[in-house]
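Participant: Just the structure for this:
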Amino acid sequence: MTSAATAYDVEVWDRMSYFYDTRAWIPKNVTLMNKAAFEQLEKSMQDAVLSAAEAAEARGWLWSQDKTKWHTEQLAAHGMKVLPPSVALKTGLQKIGEKLTAEWLVRAGPDGLAIIEAYRN
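Facilitator: Take a look at the predicted model:
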């Protein structure tokens, strides 16, 4: 399993004929900042940083969608059959995800549960 981007980068069409587009991996970038340092900024600077972050997030999601579409088109252009996952594959992946999440929650405890609940909402 891989993203369309990685499949393209490694020229997977030399070894495979099918790409099932599960969207399991869509490359993204993230920027982190120190909360204490951010809180020391003047309110106007905090607002400017948050505004720039919001614009960058919107732009990043658009670029990610565009690049994913382009990479998927390139796989097809190189002769691969690009198909959606079957119901059986989607169901199987969902079950694996649920199992892995449950196992992680046992180790992560209440903090992990809060993260998963926030993600799901």
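Participant: drop to CA atoms for contacts and neighbour counts, all remaining ones
Facilitator: Fine.
Participant: domains for this protein, by residue range?
Facilitator: Split into domains by automatic domain parsing, the chain comes to 1-84, 86-121.
Participant: Just the terminal-to-terminal distance for the first one.
Facilitator: Domain 1-84 has an end-to-end distance of 13 Å (criterion: C-alpha to C-alpha, to the nearest Å).
Participant: how about the residue nearest to the spatial centre of the chain, what does it touch?
Facilitator: Central residue of the chain (C-alpha atoms, centre = their mean): I26, 4.2 Å from the mean position. Counting by C-alpha atoms under 8 Å, 6 or more residues apart in numbering, I26 makes contact with S3, A4, A5, S64, T68.
Participant: if we can go back for a sec, for the domains of the chain, which one ends up most surrounded?
Facilitator: Highest mean neighbour count among the domains of the chain (mean count of other C-alpha atoms under 10 Å): domain 1-84, with a mean of 14.
Participant: So what's the model's average confidence on it?
Facilitator: The average of the pLDDT scores along domain 1-84 is 93.
Participant: Next SSE downstream of the helix or strand in which H71 is found?
Facilitator: Element membership for H71, per DSSP states H and E: helix 43-77. Downstream of helix 43-77, the first helix or strand assigned by DSSP H and E is strand 81-83.
Participant: Partner strands of that next one and their direction?
Facilitator: Strand 81-83 pairs in its sheet with strand 18-20 (parallel), by DSSP bridges.
Participant: got a list of contacts for the strand it pairs with?
Facilitator: Residues outside strand 18-20 that contact it (C-alpha under 8 Å, 6+ apart) are L75, M80, K81, V82, L83, P84, P85.
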